[in-house]
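[1] Quick check, what structure comes out for this input:
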Amino acid sequence: MKKAKPIVWGIAIITLGVIFGGNAIGLFNFNVFFDGWWTLFIIVPSVVSLITEKERLTSLAFLSAGVILLLAAQDVFTYDVAWKAILAVALILFGVSILIKTLFQGKNDKEVAKKVKEAENNKNMDAQMAVFSGSERVYNNETFSGSNIMAIFGGAELDLRKANFEKDTVIKAFALFGGIDIKVPNDIEIKTKSAFFFGGVSDERKDPSKGKNTIYIDAAGSFGGISINDGEKHKK
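    Numbers count the residues shown, from 1 in each chain. Here you go, the predicted model:
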């Protein structure tokens, strides 16, 4: 799927180039700047994400919003109706996501939930918060015993690449209009439980392998995201 995204974007850009070129030399007359043309900046990325990303409900929500706004721009109905329709679609999709995660809860989710409950009395867990700001915590030959991370309109970074792992640990992560970046070694197994509305968790490690220790990540939030990586994406 990582290769699919640039391919889809490439096709979209080529199509746009053909339209502009065809208009310029008179092959056809396609008006790119039709009423509501600006909604394409919502619709096209949403279609690309719907094809290439795993969190399809979020992409579907943005696609629905773009189509509804396009119809309003075309005077199919008023913008007042459009905003109400967008809110209705968002609520429906949010409800659907809750039902899917509840009814089709996987073994992974149950295992993470169990580990998180066991860690509730762990007084050695670090606390990290980024509210309208940034926060960074780097472990350098220190023992990692778990972390509780919150990012609200901000960004938090947790670097565990040089941490010592004596046993399985838990990370509770919440992102609201913010992002959390967790760097881990490739020999640490990651198991996640995600409850996001407009957002999600992505494991971007190049070559993860099962190790003797596991990090259980309980992730939640809205309009935010959590990235799990080995730090390689930050290197040129």
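
[2] What is the least confident helix or strand in this structure?
    Lowest by mean pLDDT, DSSP states H and E among the helices and strands of the chain is helix 4-25, with a mean of 74.

[3] And that helix, how far out from the chain middle?
    27 Å (CA atoms, centre = their mean, to the nearest Å).

[4] Likewise for stretch 189-206?
    8 Å.

[5] quick one: average confidence on that stretch?
    In this model, stretch 189-206 has a mean pLDDT of 80.

[6] And the next helix or strand past the least confident helix or strand of the chain?
    helix 40-52 (DSSP states H and E).

[7] Any buried residues in that following helix, and which?
    40, 42, 43, 44, 45, 46, 47, 48, 49, 50, 52 (16 or more other CB atoms under 10 Å). Where C-beta positions appear, they are placed from N, C-alpha and C, glycine not excepted.

[8] any idea whether residue 145 is helix, strand or coil?
    State at residue 145, reduced to three classes by DSSP: H, G, I helix; E, B strand; the rest coil: coil.

[9] Could you check how far it is from residue 51?
    41 Å (CB to CB, to the nearest Å).

[10] now swap in residue 42 and tell me
    Counting by CB to CB, the separation of residue 42 from residue 51 is 16 Å.

[11] what packs against the strand or helix carrying residue 224?
    Counting by DSSP H and E, the element that carries residue 224 is strand 214-229. Packing contacts for strand 214-229, counted by 3 or more CB pairs under 8 Å, 6 or more residues apart in numbering; DSSP states H and E, involve helix 107-118, strand 169-176, strand 179-183, strand 189-203.

[12] And those: which comes nearest residue 86?
    Minimum separation from residue 86 across these (CB to CB) falls at strand 189-203, 12.5 Å.

[13] Could you list the domains of this structure?
    4-103, 107-234 (automatic domain parsing).

[14] which stretch in the ones you listed has the least confidence?
    When I compare the domains of the chain, domain 4-103 is least confident, with a mean of 81.

[15] the inter-axis angle of the strand or helix carrying residue 80 versus helix 107-118?
    If you go by DSSP H and E, residue 80 is part of helix 79-103. Angle, helix 79-103 to helix 107-118, by axes from the mean of the first three to the mean of the last three CA atoms, to 10 degrees: 80 degrees.

[16] chain center to helix 79-103: distance?
    With CA atoms, centre = their mean, you get 18 Å for helix 79-103.

[17] residues in contact with it?
    Contacts of helix 79-103 with the rest of the structure, by CB atoms under 8 Å, 6 or more residues apart in numbering, involve 57, 60-61, 64-65, 68-69, 71-72, 77, 109, 195, 197.

[18] ok, residues contacting stretch 112-131?
    135, 137, 145-156, 158, 168-170, 172, 178, 191-193, 216-218.

[19] again with stretch 33-40
    Counting by CB under 8 Å, 6+ apart, 66, 67, 69, 70, 71, 72, 73, 74, 75 sit against stretch 33-40.

[20] count of residues packed around the nearest residue to the third one once chain neighbours are set aside?
    The shortest distance from residue 69 to any non-neighbouring residue, by CB to CB, 6 or more residues apart in numbering, is to residue 39 (4.9 Å). Other residues near residue 39 come to 19 when the count uses other CB atoms under 10 Å.
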